[in-house]
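Chemist: A structural model of the following input is requested.
(one chain, ligands or ions: 1)
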Amino acid sequence: MKTASQLNRIKACPASETLPHTDVSTVWAERSNAIHTYLQHLDELGQIGALEKIPQQYRDECRALDVDIPLGARTEVAYAYDLDTKEAWELEGCKDREYHKYVDAANPNIICGTLDLEHITEDRARVDDWKSGGKRYPKPHTQPAMMFYGMCVSKVRERGVVDLQYRQLDTGISPRSTVDTFDFVAFEGELLRIRKAVGVAKRTPAASQVYNQGEHCRYCPAQDSCPPRLRMMDRAHTGELEREVHLNWGAGAVRDPAHLQQMYAQYEAAKLMVSRMSDILHAIAKEEAFECKPGVMFGEVEKLGNEKLHGPIAHQVVEEIHGTDAADAACRRKCTKKDLERAIKAAVPRGQGKKAIDATLEAIRARGGSERKLTKKITKYPKQLKGDS
Ligand code: SF4
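Modeler: Take a look at the predicted model:
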């Protein structure tokens with residue numbers, strides 16, 4: 001049995017299915033699980049009840065999430081799909097991704113997955129996947145997991161058209177795709193191609209195996225035994241990686257574009273490796289502090305955060321004691337777009353939020369109340385953006 005969330009990685013790197021898998025639950029997974037648990041209970045228990053279901057350290061973050069659950073929508077709905085029969089069915093009562101209690105876990109042809117939110121209307125369906133963490137997500141129809149959820153909903157709820165949406169809770173950006181039964185038929189073909197690619201990888205001798213490194217490696221359960229990754233760790237350890245980058249730098253260096261491209265790919269893979277190391281070390285330290293250097297411990301420390309003063313009260317007090325000028329100088333009024341959006345949404349009738357927010361922002365801009373600084377940073381961008389094709 002495979003899960004929908006593994007499809008992206010299996011499609012990108014079928015060879016990862018030939019290596020031993022280990023549990024990759026990390027601090028990152030704990031945070032994500034807390035957010036999902038909160039959202040799962042939000043509709044049924046309300047905010048206070050849902051917050052009680054999650055660890056204390058994630059409560060502030062969850063409280064700040066801007067979640068809008070449409071009337072009649074369902075959250076955390078689990079589905080299974082059989083690659084051979086092309087049948088999909090709901091795993092009623094399956095919570096916390098305990099699929100093995102509902103399907104034959106040894107059957108490699110069954111794929112299970114739990115979607116975050118499903119909303120069925122008269123003529124179509126909508127599937128939302130909640131995301132947090134600030135990363136930009138691609139159009140959902142390009143992602144096998146989202147297509148899997150959409151296909152199951154389409155089959156089980158008998159809806160020909162499904163809107164797929166990533167709800168990016170931190171940024172408010174929601175990439176969206178509309179797909180139909182033709183797209184799902186094509187996707188079923190893709191699932192069979194993925195299965196075939198895994199079969200080919202399993203018959204390929206280890207020495208000829210092709211591993212494809214990329215963003216999907218972050219969630220790969222075979223990381224600890226992945227040959228290119230282990231080689232890279234050795235090269236990083238001996239300093240070979242760093243020396244190679246230096247070949248392109250400094251007086252007289254010949255910048256070889258192919259070498260730079262290869263170095264950039266290794267830099268990204270190394271970043272992933274470091275981020276996983278950090279996740280694991282934080283997870284260990286959370287369970288029990290350890291001595292990270294002689295005389296220095298690495299573990300959870302509780303301390304008071306920066307003191308925040310309540311603006312209106314502080315203004316009043318400073319004005320009483322030191323006068324209005326001092327109070328105005330001491331207390332600045334701040335407005336973030338997120339706070340403004342939240343406040344306006346709460347102030348106007350349901351459904352009118354976006355229009356009211358746009359109009360208010362326009363009025364603020366018209367009075368010179370908005371500023372946007374131009375910043376420069378080294379980053380990736382599409383080749384045609386600077387016309388340097
Ligand atoms: S870590 Fe290795 S095995 Fe896993 S997806 Fe990346 S390249 Fe493939």
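Chemist: for Lys377, what are its contacts?
Modeler: For Lys377, no contacting residues are found, by CB atoms under 8 Å, 6 or more residues apart in numbering. In this view, the C-beta of every residue, glycine as well, is placed from N, C-alpha and C.
Chemist: strands along the stretch 1-150 of the chain, start to end?
Modeler: For the stretch 1-150 of the chain, applying DSSP state E, counting those that start in this stretch gives strands covering 2-3, 74-82, 88-90, 110-120, 125-131.
Chemist: what residue ranges in this protein score low on pLDDT?
Modeler: Counting by pLDDT under 70, the chain contains low-confidence ranges at 24-29, 66, 133-134, 170-172, 385-389.
Chemist: the ligand contacts on that one?
Modeler: Applying CB under 6 Å from any ligand atom, one finds that the chain approaches the ligand through 9, 13, 15-16, 19, 211-213, 216-217, 220, 222-223, 226, 228-229.
Chemist: could you dump the strands of the stretch 1-150 of the chain into a markdown table and include mean neighbour count?
Modeler: Formatted as a markdown table, the strands of the stretch 1-150 of the chain follow (neighbours: other CB atoms under 10 Å):
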| stretch | mean neighbour count |
| --- | --- |
| strand 2-3 | 18 |
| strand 74-82 | 20 |
| strand 88-90 | 17 |
| strand 110-120 | 22 |
| strand 125-131 | 22 |
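Chemist: so what does the longest helix belonging to the chain touch, helix or strand wise?
Modeler: Criterion DSSP state H: the longest helix present in the chain is helix 257-287. Secondary structure elements in contact with helix 257-287, counted by 3 or more CB pairs under 8 Å, 6 or more residues apart in numbering; DSSP states H and E, are helix 27-52, helix 227-238, helix 240-246.
Chemist: possible to save the strands of the stretch 1-150 of the chain as CSV with distance to Arg176?
Modeler: Converted to CSV, these look like this (distance: least, CB to CB, whole Å):
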stretch, distance to Arg176
strand 2-3, 23
strand 74-82, 18
strand 88-90, 22
strand 110-120, 13
strand 125-131, 9
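Chemist: just name the most buried of the helices and strands packed on helix 257-287.
Modeler: Mean neighbour count (mean count of other CB atoms under 10 Å) peaks for helix 27-52 among these, with a mean of 17.
Chemist: where does the residue nearest to Ala330 when sequence neighbours are not counted sit, in terms of helix or strand?
Modeler: Once flanking residues are discounted, Ala330 sits nearest to Val318: 4.9 Å by CB to CB, 6 or more residues apart in numbering. Using DSSP states H and E, Val318 sits within helix 311-322.
Chemist: list the buried ones in that helix?
Modeler: Neighbour-count burial for helix 311-322 flags His315, Val318, Glu319 (criterion: 16 or more other CB atoms under 10 Å).
Chemist: kindly report the same for stretch 138-148.
Modeler: Pro140, His141, Gln143, Pro144, Ala145, Met146, Met147, Phe148.
Chemist: give me every residue that touches the fourth one.
Modeler: With CB under 8 Å, 6+ apart as the criterion, the residues that contact Pro144 are Ala4, Leu7, Asn8, Lys11, Phe187, Glu190, Leu191, Ile194.
Chemist: name the nearest residue to the second one, sequence neighbours excluded.
Modeler: The spatial neighbour of Leu7 that comes closest, neighbours along the chain excluded (CB to CB, 6+ apart), is Pro144 at 3.6 Å.
Chemist: ok, now how distant is that neighbour from the ligand?
Modeler: 14 Å (CB to the nearest ligand atom, to the nearest Å).
Chemist: ok, that residue to Lys2 distance?
Modeler: Distance from Pro144 to Lys2, counting by CB to CB, to the nearest Å: 11 Å.
Chemist: likewise for Gly72?
Modeler: Distance from Gly72 to Lys2, by CB to CB: 31 Å.
Chemist: for Tyr38, same thing?
Modeler: Distance, Tyr38 to Lys2, by CB to CB: 27 Å.
Chemist: now do Gln266
Modeler: 29 Å.
Chemist: likewise Ala105?
Modeler: The value you get for Ala105 to Lys2, if CB to CB is used, is 10 Å.
Chemist: count the neighbours of Met277 for me.
Modeler: Counted with other CB atoms under 10 Å, the neighbours of Met277 add up to 11.
Chemist: one more: Val198?
Modeler: Close neighbours of Val198, defined as other CB under 10 Å, add up to 19.
Chemist: now do the contacts for it.
Modeler: Contacts here follow CB under 8 Å, 6+ apart; on that basis Val198 touches Ile10, Pro14, Glu17.
Chemist: re earlier: out of the buried residues of helix 311-322, the closest to Gly199 would be?
Modeler: His315 (69.7 Å; CB to CB).
Chemist: ok, the closest residue to the closest one other than its chain neighbours - contacts?
Modeler: Once flanking residues are discounted, His315 sits nearest to Cys331: 4.3 Å by CB to CB, 6+ apart. If a contact means CB under 8 Å, 6+ apart, then Cys331 has Gly311, Pro312, Ala314, His315, Val318 as its contacts.
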